[in-house]
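Colleague: next come a sequence and a model predicted from it.
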Amino acid sequence: MFVLIAREARPDAPGWPGRRALALVDALAWPVVWALLAWHAPMPGALIWLVTAFAVLIAPLRAYTALFANHRYWFTTWLWARVLALLMLIAIVLKVAMSL
(Lines give C-alpha, C1' and ligand atoms only; values in the text may rest on other atoms or scores of the structure.)
Protein backbone atom coordinates (compact mmCIF):
# COMPACT_ATOMS: atom_id res chain seq x y z
CA MET A 1 0.00 0.00 0.00
CA PHE A 2 1.26 3.46 -0.88
CA VAL A 3 1.17 5.85 2.07
CA LEU A 4 1.45 9.55 1.38
CA ILE A 5 1.53 10.71 4.98
CA ALA A 6 2.88 8.41 7.66
CA ARG A 7 1.43 9.15 11.07
CA GLU A 8 3.24 8.38 14.28
CA ALA A 9 1.77 5.70 16.49
CA ARG A 10 -0.40 7.03 19.28
CA PRO A 11 1.57 7.08 22.54
CA ASP A 12 0.60 4.87 25.43
CA ALA A 13 -1.99 6.29 27.78
CA PRO A 14 -0.65 7.37 31.16
CA GLY A 15 -1.37 4.98 34.00
CA TRP A 16 -2.83 5.92 37.38
CA PRO A 17 -4.50 4.05 40.24
CA GLY A 18 -8.06 3.01 39.43
CA ARG A 19 -7.61 3.44 35.68
CA ARG A 20 -8.42 -0.20 34.89
CA ALA A 21 -11.70 -0.16 36.81
CA LEU A 22 -12.78 3.15 35.33
CA ALA A 23 -11.74 2.02 31.85
CA LEU A 24 -13.83 -1.15 32.26
CA VAL A 25 -16.87 0.92 33.23
CA ASP A 26 -16.30 3.20 30.24
CA ALA A 27 -15.75 0.25 27.91
CA LEU A 28 -19.00 -1.47 28.90
CA ALA A 29 -21.17 1.61 29.36
CA TRP A 30 -20.99 2.81 25.76
CA PRO A 31 -22.22 -0.41 24.11
CA VAL A 32 -25.06 -0.50 26.65
CA VAL A 33 -25.95 3.08 25.73
CA TRP A 34 -25.89 2.20 22.01
CA ALA A 35 -28.23 -0.74 22.57
CA LEU A 36 -30.61 1.27 24.78
CA LEU A 37 -30.75 4.11 22.27
CA ALA A 38 -31.45 1.64 19.48
CA TRP A 39 -34.31 0.06 21.43
CA HIS A 40 -35.88 3.45 22.16
CA ALA A 41 -35.38 4.98 18.71
CA PRO A 42 -38.10 4.88 16.07
CA MET A 43 -36.36 2.66 13.51
CA PRO A 44 -37.05 -0.65 11.77
CA GLY A 45 -36.70 -3.80 13.87
CA ALA A 46 -33.85 -5.24 11.82
CA LEU A 47 -31.75 -2.13 12.45
CA ILE A 48 -32.45 -2.35 16.19
CA TRP A 49 -31.18 -5.93 16.24
CA LEU A 50 -28.17 -5.00 14.12
CA VAL A 51 -27.12 -2.22 16.51
CA THR A 52 -27.73 -4.48 19.51
CA ALA A 53 -25.69 -7.31 17.96
CA PHE A 54 -22.86 -4.89 17.20
CA ALA A 55 -22.94 -3.64 20.81
CA VAL A 56 -22.89 -7.20 22.17
CA LEU A 57 -19.97 -8.15 19.92
CA ILE A 58 -17.90 -5.04 20.54
CA ALA A 59 -18.35 -4.92 24.34
CA PRO A 60 -16.00 -7.86 25.12
CA LEU A 61 -13.33 -6.44 22.83
CA ARG A 62 -13.53 -3.08 24.57
CA ALA A 63 -13.51 -4.77 27.98
CA TYR A 64 -10.45 -6.84 27.04
CA THR A 65 -8.59 -3.73 25.94
CA ALA A 66 -9.62 -1.87 29.09
CA LEU A 67 -8.44 -4.66 31.37
CA PHE A 68 -5.46 -6.31 29.69
CA ALA A 69 -4.15 -3.66 27.29
CA ASN A 70 -4.97 -0.70 29.48
CA HIS A 71 -2.07 1.36 28.17
CA ARG A 72 -3.82 1.27 24.76
CA TYR A 73 -7.32 2.13 25.99
CA TRP A 74 -8.48 5.71 25.48
CA PHE A 75 -11.67 6.81 27.25
CA THR A 76 -14.66 7.24 24.94
CA THR A 77 -16.44 9.41 27.48
CA TRP A 78 -13.55 11.87 27.50
CA LEU A 79 -13.57 12.02 23.70
CA TRP A 80 -17.31 12.79 23.50
CA ALA A 81 -17.12 15.21 26.44
CA ARG A 82 -14.57 17.27 24.50
CA VAL A 83 -16.74 17.21 21.38
CA LEU A 84 -19.82 18.32 23.34
CA ALA A 85 -17.83 21.00 25.14
CA LEU A 86 -16.66 22.38 21.80
CA LEU A 87 -20.23 22.42 20.47
CA MET A 88 -21.40 24.13 23.65
CA LEU A 89 -18.68 26.76 23.29
CA ILE A 90 -19.70 27.40 19.67
CA ALA A 91 -23.35 27.73 20.76
CA ILE A 92 -22.44 30.24 23.48
CA VAL A 93 -20.34 32.30 21.07
CA LEU A 94 -23.17 32.32 18.52
CA LYS A 95 -25.70 33.31 21.18
CA VAL A 96 -23.51 36.18 22.36
CA ALA A 97 -22.86 37.27 18.77
CA MET A 98 -26.58 37.24 17.93
CA SER A 99 -27.48 39.31 21.00
CA LEU A 100 -25.07 42.16 20.14
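Modeller: Looks like it arrived, so ask away.

Colleague: rest of the way, CA atoms for contacts and neighbours
Modeller: OK.

Colleague: contacts made by the one helix or strand residue 87 maps to with the rest, please.
Modeller: Element membership for residue 87 (DSSP states H and E) is helix 76-99. Residues lying outside helix 76-99 but in contact with it, judged by CA atoms under 8 Å, 6 or more residues apart in numbering, are 26, 27, 30.

Colleague: now the residues you listed: which count as buried?
Modeller: Taking 16 or more other CA atoms under 10 Å as the criterion, what is buried in these is 26, 27, 30.

Colleague: tell me the one of the residues you listed nearest residue 3?
Modeller: The nearest member of the buried ones among the contacts of helix 76-99 to residue 3, counting by CA to CA, is residue 27 at 31.4 Å.

Colleague: from residue 78, how far off is residue 54?
Modeller: Residue 54 sits 22 Å away from residue 78, going by CA to CA, to the nearest Å.

Colleague: who has more neighbours out of the two?
Modeller: A direct count of neighbours by other CA atoms under 10 Å for residue 54 and residue 78 places residue 54 higher, at 14 against 11.

Colleague: what about the more buried one, which SS state?
Modeller: Under DSSP: H, G, I helix; E, B strand; the rest coil, residue 54 falls in the helix class.

Colleague: low-confidence stretches in the protein?
Modeller: Low-confidence segments of the chain, defined by pLDDT under 70: 1.

Colleague: kindly reformat the contacts of helix 76-99 as TSV containing distance to residue 97.
Modeller: Supplementary listing: those in TSV, determined by distance: CA to CA, whole Å:
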residue	distance to residue 97
26	37
27	39
30	35
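
Colleague: in CSV: those residues, plus distance to residue 8 and secondary structure.
Modeller: Converted to CSV, the contacts of helix 76-99 look like this (distance: CA to CA, whole Å; DSSP: H, G, I helix; E, B strand; the rest coil):
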residue, distance to residue 8, secondary structure
26, 26, helix
27, 25, helix
30, 27, helix
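
Colleague: give me the most central residue, this protein.
Modeller: Nearest to the geometric centre of the chain sits residue 76, at 3.0 Å (CA atoms, centre = their mean).

Colleague: residue 56 contacts residue 31, doesn't it?
Modeller: Yes - in this structure, residue 56 is within contact of residue 31 by CA atoms under 8 Å, at 7.1 Å.
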